[in-house]
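Enquirer: Model the structure of this input:
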Amino acid sequence: MLLNHRSLQGAVKDVGVAERETIGDFLEQRVSEEAKFLERFVTRVQDRIMSRQSHGVQWQAISLREHGPGAPEKQFGADVIGVFQASVPNYRVGKGFLAQGKMLEYDTSFDKEEFERLQEQCRRMLDISSHSYVFVCGKHGIRVVPALSIVSTRERNPWELHGRSVKGFYTEHFRSFIGDAAISVSDATAIQQLKDLKQRNNGRFLLAITARRNEPDEPALLTQQIKYGHAQLPQVQQAHRTPPRPVHRKLLH
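Expert: Predicted structure coming up:
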């Protein structure tokens, strides 16, 4: 996509810092439950990315939460709805994903009953969107595994399945390789639109991240176009010149 690479990497770095801070809270026993772990992670990401501005790109982050008994996760399986919207010259995209969070250490596995429950939660998310994932959380970090992999295996340790680090996941999310256009709004900074989206998809938490650039970075864009052989250099208009008048010489006889 056309987001500045360094600005994008800066936002991904913020996600990584939020992960480390959340793991620190977990190790110090300030969070222990799955929902609290994810809520802390969402809050940390929001705090880090909120009002970030780098390389001409303005980033914003908004989170919505839901607490108490009867939260939608018990029925539908979505702990987090992630939304990303980018608006830069010549490029605009909005999309999102669903995620269920689970606490599990690297060298352990779910028991049969708990794993079957997780599989059912993944099926419910997949009924809404194929861009559904499980955030496996533990002292080693957050591992993101496709929900489709969970429902397709008998392996009860998701750490053994193919997945992404949370930084790798958000890198691909920001680059538009991951995300469902149906999980989006016209304005990811409009609170009511986000509330409606959260209600439609029955998520416990929602994290909306936006990246906007108002003015094109023409020199950088031209450099990129030249690098890949797509540049069209401006035509230089020649100044109009009056042709010289012929010189008539008298011939001597």
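
Enquirer: Which pLDDT value belongs to residue 36?
Expert: What the model reports as pLDDT for residue 36 is 84.

Enquirer: same question but for residue 31, I mixed them up
Expert: Note on residue 31: pLDDT of 82.

Enquirer: Residue 52 too?
Expert: Confidence per residue is given as pLDDT, and for residue 52 that number is 88.

Enquirer: cool, and residue 215?
Expert: At residue 215 the predicted local distance difference test score is 57.

Enquirer: With residue 241 instead?
Expert: Residue 241 is given a pLDDT of 51.

Enquirer: how about the helices in the chain?
Expert: 5-27, 34-49, 73-76, 112-128, 147-151, 166-174, 191-201, 218-227 (DSSP state H).

Enquirer: can you redo these as TSV with distance to residue 136 and mean neighbour count?
Expert: Placement of C-beta: from N, CA and C, glycine included. TSV is the format used below for the helices of the chain (distance: least, CB to CB, whole Å; neighbours: other CB atoms under 10 Å):
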stretch	distance to residue 136	mean neighbour count
helix 5-27	12	18
helix 34-49	10	21
helix 73-76	16	16
helix 112-128	10	17
helix 147-151	10	20
helix 166-174	10	20
helix 191-201	21	15
helix 218-227	37	12
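
Enquirer: Tell me if I'm right that residue 122 and residue 153 touch.
Expert: No - distance between residue 122 and residue 153: 10.7 Å, which falls outside the contact criterion (CB atoms under 8 Å).

Enquirer: returning to that earlier point: of the helices of the chain, which approaches residue 185 most closely?
Expert: When the helices of the chain are ranked by distance to residue 185, counting by CB to CB, first place goes to helix 191-201 at 4.1 Å.

Enquirer: Please name the residues that touch the residue nearest to residue 21 when sequence neighbours are not counted.
Expert: Using CB to CB, 6 or more residues apart in numbering and skipping residues adjacent in sequence, the residue nearest residue 21 is residue 44, 5.1 Å away. In this structure, residue 44 makes contact with 17, 18, 19, 21, 22, judged by CB atoms under 8 Å, 6 or more residues apart in numbering.
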